[in-house]
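Visitor: missing the sequence, but the structure's below:
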């Protein structure tokens, strides 16, 4: 079947309710679609934090977390904790003439982490470019002009040891139902799918020996009828547009990712058109690519497109349950995602975003990645 419909598809019919929300009306959301078109501005960034788990302060806002450890040598009142989420923890600068080379988009203004009441700043930064997209650069290790350390170290504590990064997330005020498309044919569990379409660019990347760089798309799915007081009920899908350095090229599954608040997690590479990824602990398919494959170096704008059928979602849930010590049966999966996990209408997307991550165990390394996202589209489809 031809797979170019995403490039030319007419927007959903007028009978669907489309709600325009924050980020300068840069994105729309409905029961069957979430669409970020890259037209937002910095006015729509509602939360800026040093803690990636605090990047969402409320519905309808864009949150950005720059994650790592502040330099213990920083002067002034730089807090030695990772929960700084006030305006004092970020500096706004304009313009950055080097941003186009580093991220692929020219940032007339950008935000960078800084010590409150001092002039120590990081070399990671982010910003929105009107009518273009969202740009970010993540930096780890020595400063670019001498051998002293940049403001944000890779984290020293488990579970994020040697990791730093920049993460964004959007939590829309309307629940998008990924597997809600109407099926008019047989074999609907394979025909009903969610498509994830993202335009990424990576303009700069340096991965010394022993390091890893990522630029990724992050989506959190929730079983809304689940009791969140007693079980996770949700999981994160993380697909890689860039993976450069060590340990790239496969899918990983975690039953409880401590770096993501303990929720289950599945992540990995994206193949070329028609290639299907499998869970390592079951060998079962979890997504199929109909766009660009995960890249290993810088690249101009490319479109990445995943499709996840209802059957593939069930395979994901089984793999994550096995990693938590379950047996992968429907009853065991219910202990993680609730008794009604098998109902398509109960699954919703609660937030979506994109980020960069650096694994750097050697402080003398200069590891960095800069890029942008110009479109993010999540839509329920049926073949």
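Guide: It's in. None of the values given here were measured: they were computed from a predicted structure.
Visitor: you'd agree residue 189 is in a strand?
Guide: No: the assignment for residue 189, made by DSSP: H, G, I helix; E, B strand; the rest coil, is helix rather than a strand.
Visitor: okay, now it: neighbour count?
Guide: By other CB atoms under 10 Å, the residues close to residue 189 number 15. Just so you know, the C-beta spots here come from the backbone N, C-alpha and C atoms, and that holds for glycine as well.
Visitor: Now for residue 177: which residues touch it?
Guide: Contact analysis of residue 177 by CB atoms under 8 Å, 6 or more residues apart in numbering lists 31, 32, 344, 345, 347, 348, 349, 380.
Visitor: Please apply the same query to residue 241.
Guide: 198, 200, 202, 215-217, 270, 292, 294-295, 302, 304, 371.
Visitor: That one in helix, strand or coil?
Guide: strand.
Visitor: Name the residues linked to the residue lying closest to it once chain neighbours are set aside by a beta bridge.
Guide: Nearest residue to residue 241, sequence neighbours excluded (CB to CB, 6 or more residues apart in numbering): residue 200, at 3.9 Å. Judged by DSSP bridges, the bridge partners of residue 200 are residue 302, residue 373.
Visitor: hang on, isn't residue 200 packed against residue 375?
Guide: No: in this structure, residue 200 is not within contact of residue 375 by CB atoms under 8 Å, at 9.2 Å.
Visitor: follow-up on the earlier one: show me what contacts the residue nearest to residue 241?
Guide: 215, 217, 241, 242, 301, 302, 304, 354, 371, 372, 373, 374.
Visitor: what's the answer for residue 156, then?
Guide: 69, 162.
Visitor: Double-check that it belongs to a helix.
Guide: No: Residue 156: not assigned to a helix; according to three-state DSSP it is coil.
Visitor: so where is the stretch 1-150 of the chain shaky, pLDDT-wise?
Guide: 1-27, 51-61, 72, 74-83, 85-88, 95-96, 117-119, 148 (pLDDT under 70).
Visitor: Mind jotting down where the helices sit in it?
Guide: Remark: helices assigned in the stretch 1-150 of the chain by DSSP state H, counting those that start in this stretch are 5-8, 22-25, 99-103.
Visitor: what comes into contact with the last one?
Guide: For helix 99-103, the external contacting residues (CB under 8 Å, 6+ apart) are 105-107, 110, 125, 127, 135-137, 203-204, 370-372.
Visitor: Of these, select the buried ones using a PyMOL command.
Guide: A single PyMOL command selects the buried members of the contacts of helix 99-103 (16 or more other CB atoms under 10 Å):
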select buried, resi 105+106+107+110+125+127+135+136+137+203+204+370+371+372
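Visitor: Restricted to strands, list the contacts of helix 99-103.
Guide: 110, 125, 127, 135, 136, 137, 203, 204, 370, 371, 372 (DSSP state E).
Visitor: I'd say residue 207 and residue 247 touch.
Guide: No: assessed by CB under 8 Å, residue 207 is found out of contact with residue 247, at 11.4 Å.
Visitor: Compare the two and say which is more crowded by neighbours.
Guide: Neighbour comparison, residue 207 and residue 247: the larger count goes to residue 207, with 24 against 9 (by other CB under 10 Å).
Visitor: Could I get the contacting residues of that one?
Guide: Counting by CB under 8 Å, 6+ apart, residue 207 touches 213, 244, 245, 367.
Visitor: Residue 214 touches residue 356, doesn't it?
Guide: Yes: using CB under 8 Å, residue 214 is in contact with residue 356, at 6.4 Å.
Visitor: which neighbours do these two share?
Guide: Common neighbours of residue 214 and residue 356, counting by CB under 8 Å, 6+ apart, are 165, 369.
Visitor: just checking, what packs against the longest helix out of those in the chain?
Guide: Looking across the chain with DSSP state H, the single longest helix is helix 310-323. Judged by 3 or more CB pairs under 8 Å, 6 or more residues apart in numbering; DSSP states H and E, the packing partners of helix 310-323 are helix 188-191, strand 234-245, strand 251-257, strand 263-268, strand 285-289, helix 330-337.
Visitor: contact partners of the shortest one?
Guide: So that's helix 188-191. 183, 185, 309, 310, 311, 314, 382, 383.
Visitor: list the contacts for the closest residue to residue 151 other than its chain neighbours?
Guide: The shortest distance from residue 151 to any non-neighbouring residue, by CB to CB, 6+ apart, is to residue 122 (3.8 Å). Residue 122 sits next to 66, 68, 112, 113, 114, 139, 150, 151, 152 when contact means CB under 8 Å, 6+ apart.
Visitor: Phi, psi for the last one please.
Guide: When quoted as degrees, to the nearest 10, the phi and psi of residue 152 stand at phi -100, psi 120.
Visitor: is it in a bridge, and if so with what?
Guide: residue 70.
Visitor: Around it, count how many other residues there are.
Guide: Considering only other CB under 10 Å, residue 152 is surrounded by 28 other residues.
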